[in-house]
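>>> give the three-dimensional model of this entry:
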Amino acid sequence: MKLLKPSWVSHNGKPIFSVDIHPDGTKFATGGQGEDSGKVMIWNMAPVLREEDEKNENIPKMLCQMDNHLACVNCVRWSNNGLYLASGGDDKLVMVWKRAAFIGPSTVFGSSSKLANVEQWRCVTILRNHTGDVMDVAWSPHDVWLASCSVDNTIVIWNARKFPEMVTCLRGHTGLVKGLTWDPVGKYIASQADDHSLRVWRTMDWQMEANVTKPFSECGGTTHVLRLSWSPDGQYLVSAHAMNNSGPTAQIVERDGWKTNMDFVGHRKAVTVVKFNPKIFKKKQKNGSAQKPGCPYCCCAVGSKDRSLSVWLTSLKRPLVVIHDLFDKSIMDISWTLTGLGMLVCSMDGTVAYLDFSLDELGDPLNEEEKNSIHQNIYGKSLAITSTEAQLSTTIIENPEMLKYQQERQNSIQANSGLGSAGPESSAPKLNSMMNGESLEDIRKTLLKKQVETRTADGRRRITPLCIAQLDTGDFSPALFNSAPILPSGSSMSNQLTSQLSSDSSPGQASSLGLRPIHDPMLTSPPPNSATKGLEDGLKSSLLLTSASKIEPMKALDSRFTERSKATTGVTAVISSISGLMPLDRPKDGLSSLKDMKSKDDTSSDSEDKMASINKNLMLGKRKPELLIDAGEVVEKRKKGRPRKDKMAAPTAQPFTQMTPTAEREPSRVAAPPPPVAALKLPTPSIKKTFSLQVSMEPSMFLEVENEVSVVAGSKLSQLRCSRDGRDWNTLLPSSVITAAGSSDILAVACQDRMLSVFSSCGRRLLPAIQLATPVSALHCSAHFVMALTAGAALSVWDVHKQKALVKNESLLSILPGADTTVSQSLLTQQGVPVVGLSNGKSYCFSSSLETWTLIADKGDSMVQCADFRSCLPTQDAPVSSGPLAVMQGRNLNAGRLASRLSSTPHHLQQSMTLAFLENQLASALTLQSAQEYRYWLLIYTRFLVNEGSEFRLRELCKELLGPVHKSAATAWEPTTLGLRKRELLREVLPVIVENLRFQRLFTEYQDQLELLRNK
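Alright, predicted model coming up:
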């Protein structure tokens, strides 16, 4: 074992409360007290590992310093995929950081010029809910959730796929919660607090599973933190500060029955932190001795207030090593490298120690397959999909056409390689798997052609990693940061979300219960010659993923599943970090080699100087460098200025596109230029240099726009880049892009020259550029429809598939009453119905069948206020809070029910108002073509008629739903409405009618007719 205390890692003598090593092992973060704020620092790992790097002036030691926390930082933790860093502090906040584009070194604010930030990390979201200091944060396996605990006695679970959404708040501790750890299988989360208890919570329903109190009854609240830890095989949970015969111990809690029979004894003062090594080990075989099947064991480090550190193997009775007086003050945090052989420890005295172990001391770490087989045996589920050549070649081809092509191909390959050319190509097993219609073989060849090789200072070959694809690991997309869902009806949605995962979760959600393999083979940076192998593995696993991630997300919610089936075959993390393919030591190489790549790929012009100018501009844009430096971050890069659309992204649950914000509320963004003609009624968005937006969740699609990329022959070109499921495409437009919108099928872009362009999701232009009469005010896409609202208050909707206009330049002047009224919100439903909400509280939709504007919601309507249909709400159906009607009406309905209690309107008047309101709702849902809402309101309406005993209306309704029983030529009856079969609706309506005995005849009559029709 080697021990090193790098003196250069310090917070200027202030305490360091937390340390965490990045999953790829190239950097680590520390958190603690700054001068007058909390401080998070990111350091380079190379100078810690290698003495020559420490002495080399050119290798930076500090990579970044972030002083955003207002008070001391208690915990820093990297996400499992390495893309994010979460930090929690005494300012009650949790901040999530993400690497920003490399802009060149910037100095730390207020410091001497020596301290330069080599990397840019910026805060992408701030999570506010705790009312006291945040003590610990922890990412769940696969980064589905982020948990934080606080001295306010609560633990908050955040949805890491949709920050800053809160999943739930776990209450039950009666003291300060000071430590958290997730079960590696994903079934539990454990917390330890000053209330003498350790609690285990289920992730399935967020209820308490166990409350362990016995070993803690004598403990006092003397430690700053209680960092407990779960073993990598999931079998043991080791607590911090416990007591046994009034001696301090680290208590071992067994998963089986939460028994507390064992503990780690020997520290003289309270244990503050326990950390398991991420690897499982087996005994090292002596050379020549027979292979004994050694029992696998885990390794655990324990740090205490007595300033000493002990390292234990679960196979030994005594500690492997004890280091006394390692620091001057209490040990605060421990972090292992993913390889399992290195460990960083930090202390209250403001210093850090690095311990380096050898395989002889700890044993042989199990490889992924062995580790998975252990999990398979215990939990009946492996943690990863093992991607082997053999498995891929046996992938079943389901389409006969495809099989035919495959066989033809193989024959031609054999014909080519049959001439005795035993080259490396023909000897490798052929992969017949297809990805997007290209075989992996082809993809691989083209990739190897593009490979860029550089030489490092010491003469080694370096192959610049190429980003193959953002694999469908279901990692959360940062576009969801900063865009809190606007929940329509009094946040009733958010309450539904607490008890379950929201059903619109990404496919990776299913794997939330599977465990991320703690060490991927791909993470240790391969030697240069194996970089190509790394690329192959990446491709293979990506192929597997696409099929594996189609597990239905709701399975995670089904409580009938046993623990066995719960750690779903889930999305593997074999590629949890693409950046692991080959981490670049220093970004410089990446940038220099990038120049070569740019000149090959991005420009097709021959003249040298033109190329140079475009190159220069692209380098200024600083988009691609980031792709190389952190090949894992393919998701979304944002500049400082927030993109316009992002703030407005509609609630993710909603099936249609964004709403434009009100002109009054956001004057800064509108900045409408003085209108040249009086005709410009609506504000237009201002032009930004760059902006980006998330176009759709499923599949995950991001759009980035960069205006004035370069000037060619006097016209300013704008670049449009789109990444769909990790596959990128880009295109150029001859004018600055003002706004863009998209759905999973199409993208629409409006330019400054009033041209509207429509592209498919793969980048093909679908329509010729459409010339608009005035500049665009709002643009929406939904399914295959495009809606444009122009500044001249005209609305158009096109059906891109059929290439025809649904709404032609329809003026809004008929619905805009006065000069002061403006459009506050607009949207396009999945069926292509345009909806416009005005600042006076009225919402209209344009019905293309009636060719007129129809009123669908009015916030000032007294009928809404007085309608009282509480008694008619269906018990089993949740209210439809995501349909277009609900979105436009917002909270009114709740307000209406409240008003009904207070209002002294006579019963018959109130009854008529409710009836009128419900009929309005039905008609509006029909015009909006919102089938789900139509069915919902139809059942409420029926129940209301039944309760009030309105037989005429009921009979008419049933007659309409039943239709003519005998075929006659003259009938105009349609069997379906909005895709719902009317007779099926009647079957749902009849059980409601039977509730009132007055309508038995009516019920029997229609029941018999239905039976008659069924028998026919």
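
>>> shaky segments in the stretch 401-550 of the chain?
401-406, 408-409, 413, 416-452, 464, 466-550 (pLDDT under 70).

>>> for stretch 716-723, which outside residues touch it?
Applying Cβ atoms under 8 Å, 6 or more residues apart in numbering, the external contacts of stretch 716-723 come out as 470, 623, 634-636, 695, 701-711, 728-737, 740, 742, 747, 749, 751, 759, 761, 763. No exception for glycine: its C-beta is placed from N, CA and C like everyone else's.

>>> in strands only, show me the residues you listed.
695, 701-711, 728-733, 737, 740, 742, 747, 749, 751, 759 (DSSP state E).

>>> just the buried members of the contacts of stretch 716-723?
470, 623, 634-636, 695, 701-707, 709-710, 728, 731, 733, 735-737, 740, 742, 747, 749, 751, 759, 761, 763 (16 or more other Cβ atoms under 10 Å).

>>> separation between Ala160 and Phe702?
Note on Ala160: its distance to Phe702, by Cβ to Cβ, to the nearest Å, is 18 Å.

>>> for Gly726, same thing?
10 Å.

>>> let me see the contact set for the residue nearest to Ala740 when sequence neighbours are not counted.
Here the nearest residue to Ala740 in space, its sequence neighbours aside, is Val749; by Cβ to Cβ, 6 or more residues apart in numbering that works out to 4.6 Å. Applying Cβ under 8 Å, 6+ apart, we find Val749 in contact with 705, 720, 733, 737, 739-740, 756-759.

>>> now those in CSV, with distance to Tyr941 and pLDDT?
Shown next, in CSV, are those (distance: Cβ to Cβ, whole Å; pLDDT from 0 to 100):
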residue, distance to Tyr941, pLDDT
Val705, 46, 90
Leu720, 47, 89
Leu733, 49, 90
Val737, 46, 91
Thr739, 39, 92
Ala740, 40, 92
Leu756, 40, 93
Ser757, 44, 93
Val758, 39, 94
Phe759, 43, 92
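
>>> for those, which one is nearest Gly32?
Val705 (40.1 Å; Cβ to Cβ).

>>> may I have the residues that are in contact with the nearest residue to the closest one once chain neighbours are set aside?
In space, and not counting its chain neighbours, Val705 is closest to Val737: 4.7 Å by Cβ to Cβ, 6+ apart. Residues near Val737 by Cβ under 8 Å, 6+ apart: 687, 705, 707, 718, 720, 749-752.

>>> how does it look with 6 Å?
705, 707, 718, 749, 751 (Cβ atoms under 6 Å, 6 or more residues apart in numbering).

>>> and Ala147, that one's in a strand?
Yes: remark: Ala147 belongs to a strand, assigned using DSSP: H, G, I helix; E, B strand; the rest coil.

>>> what bridges to it?
On the basis of DSSP bridges, Ala147 is bridged to Ala138, Ile157.

>>> Phe956 and Glu369: what is the separation?
Careful, residue 956 is Glu and not Phe. 68 Å.

>>> repeat for Val836
Taking Cβ to Cβ as the measure, Val836 falls 58 Å from Glu369.

>>> give me the more crowded residue out of those two.
Taking other Cβ atoms under 10 Å, Val836 and Glu369 do not tie; Val836 has more neighbours (26 against 14).

>>> and that one, helix, strand or coil?
Put simply, Val836 is strand when judged by three-state DSSP.

>>> next, the contact list for it, please.
Contacts of Val836 (Cβ under 6 Å, 6+ apart): 823, 826, 844.

>>> hmm, try it at 8 Å
Contacts of Val836 by Cβ under 8 Å, 6+ apart are 789, 795, 812, 815, 823, 825-826, 843-846.

>>> about what we covered before: can you pull up the bridge partners for the residue nearest to Val705?
Cys751.

>>> now do Thr125
Val96.

>>> burial count for it?
Neighbour count for Thr125, taken as other Cβ under 10 Å: 23.

>>> give me the distance between it and Arg171.
24 Å.

>>> how about Pro47?
Pro47 is 44 Å from Arg171, by Cβ to Cβ.

>>> compare neighbour counts for these two and give me the winner.
Taking other Cβ under 10 Å, Pro47 and Arg171 do not tie; Pro47 has more neighbours (20 against 11).

>>> tell me the contacts of the more buried one?
Neighbour list for Pro47: 6, 8, 53-54, 56, 59, 61 [criterion: Cβ under 8 Å, 6+ apart].

>>> ok, Leu935 - contacts?
In this structure residue 935 is Arg, not Leu. So Arg935 contacts 980, 985, 988 (Cβ under 8 Å, 6+ apart).

>>> state the pLDDT value of the residue lying closest to Trp8 once chain neighbours are set aside.
Distances taken as Cβ to Cβ, 6+ apart put Lys61 closest to Trp8, at 5.3 Å, once the chain neighbours are dropped. On pLDDT, Lys61 comes in at 88.

>>> Lys61 and Trp78, how far apart?
Noted for Lys61: a distance of 19 Å to Trp78, by Cβ to Cβ.

>>> Leu3 too?
In terms of Cβ to Cβ, Leu3 sits 24 Å off from Trp78.

>>> then Leu1002?
Noted for Leu1002: a distance of 66 Å to Trp78, by Cβ to Cβ.

>>> between those two, point out the one with more neighbours.
For Leu1002 versus Trp78, neighbours defined as other Cβ under 10 Å are more numerous around Trp78 (22 against 18).

>>> any idea what the more buried one is bridged to?
Under the criterion used (DSSP bridges), Trp78 bridges to Leu85.

>>> quick one: it and Asp24 touch, right?
No: using Cβ atoms under 8 Å, Trp78 is not in contact with Asp24; the gap is 9.4 Å.

>>> the strand or helix carrying Leu344 packs against which elements?
Secondary structure assignment for Leu344, by DSSP states H and E: strand 342-347. In terms of contacts (3 or more Cβ pairs under 8 Å, 6 or more residues apart in numbering; DSSP states H and E), strand 342-347 is packed against strand 16-21, strand 27-33, strand 299-304, strand 331-336, strand 352-356.

>>> strands paired with the shortest one, and their directions?
Read that as strand 352-356. Here strand 352-356 has these sheet partners by DSSP bridges: strand 2-4 (antiparallel), strand 342-347 (antiparallel).

>>> nearest to Phe17, out of those strands?
Going by Cβ to Cβ, the one of the strands paired with strand 352-356 nearest Phe17 is strand 342-347, 7.3 Å.

>>> which residue, other than its chain neighbours, is closest to Gln33?
Lys14 is the one closest to Gln33 (Cβ to Cβ, 6+ apart), at 4.0 Å.
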